[in-house]
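>>> Sequence first, then the predicted structure, then my questions.
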Amino acid sequence: MTVNRNRFLAGTIVLAATASIALAHGDVAPQPVDTAALPEVGEDWLSENPYRAATAGDEVWAKAIDIGASGYNQNCARCHGLEGISGGLAPDLRFLEAEEYGDEWYVERFRTGYTQNGVTKMPAFGELLGQKAAWAIRTYIETRPDGDAMDSASDELHALRDQLKTYAADTSTADPEAIKARLSEIALGIETLSGAPVADSVAFRAANLIDGSAPAYDKAAETLTIGLSATQ
């Protein structure tokens with residue numbers, strides 16, 4: 001985890017050094033996040049992410065990622081970058097460790113925001129969005145896949161996408177177990193930068209959609225198409 005911590009801290013130094021030319025995030029009104037589908041977490045702020053799969057189960061974890069993606073894109077991407085990939089004016093949150101150190105830093109910054117020289121660079125989201133939104137966004141951030149690993153798998157994923165389209169048109173030619181196994185194998189090779197055990201990659205998502213039906217093959221192919229186009 002030392003490498004991740006050093007790279008993340010380096011990002012905070014870049015933020016401080018370039019803050020004078022960054023647009024103030026405080027000028028953007030925070031957008032509400034619908035967290036009704038997530039379990040309650042109580043009124044007292046936690047120091048550890050309650051929506052990780054090991055704690056809350058796979059279903060809650062997956063729901064937190066989806067809700068967190070929406071919350072992140074509406075409130076965080078402007079400064080921290082699409083998919084968490086920072087352009088250099090804010091820390092690259094993908095490197096923030098998915099453990100106690102990372103959780104404590106994250107939740108403190110989320111609750112209180114960040115001000116430099118009297119200018120709000122990040123608003124205090126705690127009271128505005130609430131704890132459930134905070135941890136959903138955290139879950140999304142920490143499960144972002146390593147872009148280099150995605151790039152190395154891109155050619156094969158494109159080929160598998162085309163194969164899924166063929167299966168969607170004619171299920172009689174399909175071998176659902178084989179293609180699901182291969183997508184799962186690729187997914188296992190795509191790590192997170194946070195150290196979280198599972199990356200929410202398009203390979204992972206596509207593998208979990210396959211059930212042998214034509215609509216599932218079509219949806220898996222669409223998932224790969226959208227995900228792969230986003231990484232290019």
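Done, it's in. Numbering: from 1, shown residues only.

>>> Please work out how many residues are found near the closest residue to M122 other than its chain neighbours.
Closest residue in space to M122, ignoring its immediate chain neighbours: Y114 at 4.2 Å, by Cβ to Cβ, 6 or more residues apart in numbering. The C-beta positions use only the backbone N, C-alpha and C, and glycine is treated the same way. Other residues near Y114 come to 18 when the count uses other Cβ atoms under 10 Å.

>>> Could you give me the buried positions within the longest helix belonging to the chain?
Taking DSSP state H as the criterion, the chain has its longest helix at helix 147-169. Neighbour-count burial for helix 147-169, with 16 or more other Cβ atoms under 10 Å as criterion, is recorded at A149, M150, A153, L157, L160, R161, Q163, L164, K165, Y167, A168.

>>> Which strand or helix spans the residue nearest in space to the middle of the chain?
Nearest residue to the geometric centre of the chain (Cα atoms, centre = their mean): Y140, 3.2 Å. Per DSSP states H and E: Y140 is located in helix 131-142.

>>> can you tell me the average pLDDT over that helix?
For helix 131-142, mean pLDDT rounds to 98.

>>> Other residues contacting it?
33, 35, 38, 40-42, 45-46, 49-52, 61, 64-65, 67-69, 71-72, 75-76, 84, 93-94, 96, 98, 102-103, 106-107, 110-111, 125-126, 192, 194, 196, 200 (Cβ atoms under 8 Å, 6 or more residues apart in numbering).

>>> Helices - which of those residues land there?
Mapping the contacts of helix 131-142 onto helices (DSSP H) picks out 61, 64-65, 67-69, 71-72, 75, 102-103, 106-107, 110-111, 126.

>>> Can you add pLDDT and distance to Q131 and give the buried residues of helix 147-169 back as JSON lines?
JSON lines is the format used below for those (pLDDT from 0 to 100; distance: Cβ to Cβ, whole Å):
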{"residue": "A149", "pLDDT": "94", "distance to Q131": "32"}
{"residue": "M150", "pLDDT": "94", "distance to Q131": "31"}
{"residue": "A153", "pLDDT": "96", "distance to Q131": "35"}
{"residue": "L157", "pLDDT": "98", "distance to Q131": "36"}
{"residue": "L160", "pLDDT": "98", "distance to Q131": "39"}
{"residue": "R161", "pLDDT": "98", "distance to Q131": "38"}
{"residue": "Q163", "pLDDT": "97", "distance to Q131": "43"}
{"residue": "L164", "pLDDT": "98", "distance to Q131": "39"}
{"residue": "K165", "pLDDT": "98", "distance to Q131": "42"}
{"residue": "Y167", "pLDDT": "98", "distance to Q131": "42"}
{"residue": "A168", "pLDDT": "98", "distance to Q131": "41"}
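
>>> State the pair within those residues that is farthest apart.
Pairwise distances across the buried residues of helix 147-169 (Cβ to Cβ) peak at 26.6 Å, for the pair A149 and A168.

>>> After the longest helix of the chain, which helix or strand is next? Please name it.
Counting by DSSP H and E, what follows helix 147-169 is helix 176-188.

>>> Pull out the buried residues from that next one.
For helix 176-188, a neighbour-count test (16+ other Cβ under 10 Å) marks I179, K180, R182, L183, I186, A187 as buried.

>>> who's in contact with the first one?
Taking Cβ under 8 Å, 6+ apart, we find I179 in contact with L160, Q163, L164, Y167, I210.

>>> if we go to 7 Å?
By Cβ atoms under 7 Å, 6 or more residues apart in numbering, I179 lies in contact with L160, Q163, L164, I210.
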